[in-house]
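K.L.:
please work out how this folds:
(one chain, ligands or ions: 1)
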Amino acid sequence: MKEKKYTDRKQTTGKKQSPERKPATWKKADGCALAKKCGGCEYQGVPYQKQLAKKEQEVKKWMGSYCKVLPIVGMEDPYHYRNKVHAVFDRLKNGTIISGIYKEGTHTVINVDSCDIEDELSDAIIRDIRGMLKSFKIKTYDEDTGYGLLRHVLVRRGFTTGQVMVVLVLASPILPSKNNFVKALRKLHPEISTVVLNVNDKRTSMVLGERNITLYGKGYIEDELCGLMFRISPSSFYQINPVQTEKLYEAAVKYAGLTGKERVFDAYCGIGTIGMVASKTAGEVIGVELNRDAVRDAITNAKRNNRKNIRFYNDDAGKFMVEMAANKEKVDVLFMDPPRAGSDEAFLSSAVKLAPKRIVYVSCNPETLARDVKYLTKHGYEAKECRPFDMFPFTGHVETVCLLSKLHEAKHHVNVRLDMDEMDLTAAERR
Ligand SMILES: C[S@@+](CC[C@H](N)C(=O)[O-])C[C@H]1O[C@@H](n2cnc3c(N)ncnc32)[C@H](O)[C@@H]1O
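P.N.:
You can find the predicted model right below:
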């Protein structure tokens, strides 16, 4: 198979980009040939400045009635930003093995050799795995019959460290000739730092199963973000666009207005990234996260970066919040970064009871952000401002960070003074 050239992402993350909207160094305008079938990039063929304007407009549509929406922060180079690439494997009727993505709204696999938004090295590794399957007699998994072995391949790359993790998602824990397979793959790509076999033996549309077996290396990769080193396990969440993530976190921590004394709560904390960045200028940080592997990563990350003022808990954020509120605990600043579905009332009502002075809400869905901000603004908070970030160029998605601050008591209690003489009282009532 012809080797495709890929660029070194180290240079891209190193360079600082302006936080304001800037003209993109525009290379292609005609778009991707697969865009219509794939459905992943609804803005393929749309000039980048126009994409940014549409996303800013979208955030204004949802958030404009609550607060000022600052200009969107775009990328200088909006290509190949994804540090995580996922490919589903299948076999055509004529026996040809294909790998790529599901056609929008279906489970029909479309073959993808390369993608404008994915890391190019990761695409090359996936193409080469596809090319190796026949000689290793590895059958692709058939979702209808449940027959076959290889379901998906996930490649994650630390753009700063250069470390690469390959996750082979199999329907069984047994990969025949596994040592030779890993050896052959590493011969093609010596830059691979770890290979993990993930067992997914369920009839499910979830990509990853629960069991990971390390075939080569440490079973995780590390990447540097905001001057800190983070360990990332196969099923832990890690932002897919590190160039924009650094800008997003910088804005989020700035909104928090930390002075070194605050008690900070990082809800939906993943591997602890936001909390760890905040811990540099906070008194104490508490992080909570549902995914066990991510919490394990977060604890290791705190040790690795010598952060002594941060603790992580493995729990549902809503449940944890309710318990904190019941124990009458207080926090000064709340960071919250829930999944697309947003938060829930258990979480939000307890957040109000904990009464943080500031809430910094990071969201990848402006609609659920607006819904949750509506709740908070009805319960003693004021949305101050928000700023969209283009974390996902060419797609319709947009990330937003929003600052809310607690209204002073004076603002939500109206004090009324009445003179006794002004009141129409009987002599008995006067007494
Ligand atoms: C958008 S990610 C943000 C992670 C992290 N703040 C970051 O920037 O990398 C949302 C995280 O919430 C976690 N999560 C989902 N539902 C949760 C829940 N009910 N309670 C706690 N964490 C949850 C997910 O596992 C994921 O790590």
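
K.L.:
could you grab the helix/strand/coil label for the most centrally placed residue in the chain?
P.N.:
Nearest residue to the geometric centre of the chain (CA atoms, centre = their mean): Gln239, 3.8 Å. Assigned by DSSP: H, G, I helix; E, B strand; the rest coil, the conformation of Gln239 is coil.

K.L.:
with Lys36 instead?
P.N.:
From three-state DSSP, the assignment for Lys36 is helix.

K.L.:
on that earlier part again, isn't the residue nearest to the centre of the chain up against Thr273?
P.N.:
Yes: assessed by CB atoms under 8 Å, Gln239 is found in contact with Thr273 at 7.4 Å. Every residue, glycine included, has its C-beta placed from N, CA and C.

K.L.:
spatially nearest residue to the closest residue to the ligand within the stretch 251-400 of the chain, not counting backbone neighbours?
P.N.:
The shortest separation between the stretch 251-400 of the chain and the ligand is 2.9 Å, found at Gly270 (distances taken as CB to the nearest ligand atom). Closest residue to Gly270 apart from its sequence neighbours, by CB to CB, 6 or more residues apart in numbering: Phe237 at 4.3 Å.

K.L.:
let me see the contact set for that neighbour.
P.N.:
270-271, 291, 294 (CB atoms under 8 Å, 6 or more residues apart in numbering).

K.L.:
report pLDDT for it.
P.N.:
As predicted, Phe237 sits at a pLDDT of 98.

K.L.:
could you measure it against Asn179, distance?
P.N.:
31 Å (CB to CB, to the nearest Å).

K.L.:
what is the helix or strand harbouring Ser193 packed up against?
P.N.:
Element membership for Ser193, per DSSP states H and E: strand 192-199. Identification of packing neighbours for strand 192-199 by 3 or more CB pairs under 8 Å, 6 or more residues apart in numbering; DSSP states H and E yields strand 164-170, helix 178-188, strand 211-216.

K.L.:
what number of residues lie near Leu70?
P.N.:
Per other CB atoms under 10 Å, the neighbour tally for Leu70 reads 18.

K.L.:
next one: it from the ligand, what distance?
P.N.:
20 Å (CB to the nearest ligand atom, to the nearest Å).

K.L.:
do I have it right that that residue meets Arg387?
P.N.:
Yes: counting by CB under 8 Å, Leu70 touches Arg387, with 4.1 Å between them.

K.L.:
who's in contact with Lys357?
P.N.:
332-333, 405-406.

K.L.:
and the residue of the stretch 251-400 of the chain closest to the ligand, how many residues sit next to it?
P.N.:
Neighbourhood size, Gly270 [other CB under 10 Å]: 23.

K.L.:
contact residues of the stretch 101-250 of the chain facing the ligand?
P.N.:
Residues of the stretch 101-250 of the chain found near the ligand (CB under 6 Å from any ligand atom) are 237-239.

K.L.:
and these, which is closest to the ligand?
P.N.:
Distances from the ligand to these, taken by CB to the nearest ligand atom, are shortest for Phe237, at 3.4 Å.

K.L.:
what's the distance between the residue nearest to Gly31 when sequence neighbours are not counted and Leu34?
P.N.:
Using CB to CB, 6+ apart and skipping residues adjacent in sequence, the residue nearest Gly31 is Gly45, 3.2 Å away. Distance, Gly45 to Leu34, by CB to CB: 12 Å.

K.L.:
ok, Gly40 next?
P.N.:
9 Å.

K.L.:
returning to what we had before: could the helices and strands packed on strand 192-199 go into TSV alongside mean pLDDT?
P.N.:
Shown next, in TSV, are the helices and strands packed on strand 192-199 (pLDDT from 0 to 100):
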stretch	mean pLDDT
strand 164-170	98
helix 178-188	98
strand 211-216	98
